[in-house]
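# only geometry, no sequence info:
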């Protein structure tokens, strides 16, 4: 007797989000029999069980909430306060003082809650609900470049490797809530902080890497007005990602590279910092106060040889 072979839906994960055994079907291991989409009929390659209809009754799949077994990294605000770079002693804070002056440096350190770990800068990832998700440790030289001479085993994160799983958000995410300014996304945290002082018409946040525009991150800012500022050479990659979420992706950095102002791999801050005439405008000049009384005294007593201010 010839029997017909069972046929299954092609898109397994879409046909059923869960296997009848209770596991998620995102990996597509549960194959739903054709014609029974969304129902408890098929074969699970994960648990090696068949789920065929019996007695003419097919029960719908029971939805469930999986037990959370992931141990995500987190830090207390006590740790943030203990490491806060109050005296601007980290390498990056000193660089900010050199370029922008102390007042602007203090503003940046306070806004982005920068930490100090034995002279190294801690970039705390804090989401808009004040959850501290991670702390990245980077050492900087006086010129603002990374110190790549460090021991490879030097501390890179404030959590111990293997103790927890990273669940990263945009760096600077905590600045979004209750802020009506449009959002600008840079690749690196350093670039986001520097640009917040140069172009304060945006809320500057960082994806933390070229491939840092994850689904969860992008969805979290999809309702805002967002402009992506990809590093030179990364425009096409970020353009594709940005279009899928309705973000604007600027060609500004790419055009600066084509004009020879910056090189492939540079970010927008390299244009401002490496162009002498532009860099000179970043640090406010000290205004010399004029004392009319002193000048009058000098004028009345020329024999003293004093100078006016």
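That came through fine. Keep in mind that what you see is a predicted model, and the values were worked out from it rather than measured.

# only C-alpha atoms for contact and neighbour calcs from this point on.
OK.

# Might you report the residue contacts of residue 138?
By Cα atoms under 8 Å, 6 or more residues apart in numbering, the contact set of residue 138 is 120, 121, 122, 123, 146, 156.

# quick one: least confident of the residues you listed?
Lowest pLDDT within these is found at residue 156 (85).

# which residues of the stretch 1-150 of the chain fall in strands?
30-32, 42-44, 49-51, 115-117, 120-126, 132-138 (DSSP state E, counting those that start in this stretch).

# my bad, should have said the stretch 201-309 of the chain
Under DSSP E, counting those that start in this stretch, the stretch 201-309 of the chain gives strands at 203-206, 226-228, 248-249.

# Tell me which of the ones you listed sits most buried.
Across the strands of the stretch 201-309 of the chain, averaging neighbours per residue (mean count of other Cα atoms under 10 Å) puts strand 203-206 on top, at a mean of 26.

# what about it, average pLDDT?
On average, strand 203-206 scores 98.

# Show residues contacting it.
170-173, 175-176, 181-189, 191-193, 195-196.

# Of the residues you listed, which belong to strands?
183, 184, 185, 186 (DSSP state E).

# Would you mind giving the residues you listed as CSV with pLDDT, distance to residue 268 and neighbour count added?
Listed next are these as CSV, based on pLDDT from 0 to 100; distance: Cα to Cα, whole Å; neighbours: other Cα atoms under 10 Å:
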residue, pLDDT, distance to residue 268, neighbour count
183, 97, 16, 21
184, 97, 12, 24
185, 98, 11, 25
186, 97, 9, 28
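
# export these to a markdown table and tack on distance to residue 241?
Shown next, in a markdown table, are the ones in strands among the contacts of strand 203-206 (distance: Cα to Cα, whole Å):
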| residue | distance to residue 241 |
| --- | --- |
| 183 | 16 |
| 184 | 15 |
| 185 | 12 |
| 186 | 14 |
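
# Got the domain ranges for this structure?
With domains defined by automatic domain parsing, the chain comprises 1-67, 71-168, 175-309.

# Those domains: lowest mean pLDDT?
Looking at the domains of the chain, the lowest mean pLDDT belongs to domain 1-67 (a mean of 62).

# I'd like to know which of the strands of the stretch 1-150 of the chain is closest to residue 246.
strand 120-126 (24.5 Å; Cα to Cα).

# quick one: the closest one to strand 132-138, angle?
160 degrees (axes from the mean of the first three to the mean of the last three Cα atoms, to 10 degrees).

# Which strands and helices lie in contact with strand 120-126?
On a contact count with 3 or more Cα pairs under 8 Å, 6 or more residues apart in numbering; DSSP states H and E, strand 120-126 meets helix 91-100, strand 115-117, strand 132-138.

# Who does that strand pair with, and is each partner parallel or antiparallel?
As defined by DSSP bridges, the strand partners of strand 120-126 come to strand 115-117 (antiparallel), strand 132-138 (antiparallel).

# Chain neighbours aside, what residue packs nearest to residue 239?
Nearest residue to residue 239 in three dimensions, chain neighbours excluded: residue 249, at 5.6 Å (Cα to Cα, 6 or more residues apart in numbering).

# in the sheet, who's paired with the one you found?
residue 228.

# ok, now residue 117?
residue 120.

# number of nearby residues for it?
18 (other Cα atoms under 10 Å).

# list the contacts for it?
Counted by Cα under 8 Å, 6+ apart, residue 117 has contacts 83, 90, 137.

# Can you check the residues you listed and name whichever has the most neighbours?
residue 90 (24 neighbours).

# Give me the nearest residue to that one, chain neighbours excluded.
Using Cα to Cα, 6+ apart, the nearest residue to residue 90 is residue 119, at 4.3 Å.

# and if you look at residue 142?
Distances taken as Cα to Cα, 6+ apart place residue 95 nearest to residue 142, at 5.8 Å, with adjacent residues excluded.

# Let me know whether the one you found touches residue 146 as I believe.
No - contact criterion Cα atoms under 8 Å: residue 95 and residue 146 do not qualify, at 11.4 Å.

# ok, those two, which is more surrounded?
A direct count of neighbours by other Cα under 10 Å for residue 95 and residue 146 places residue 95 higher, at 20 against 14.
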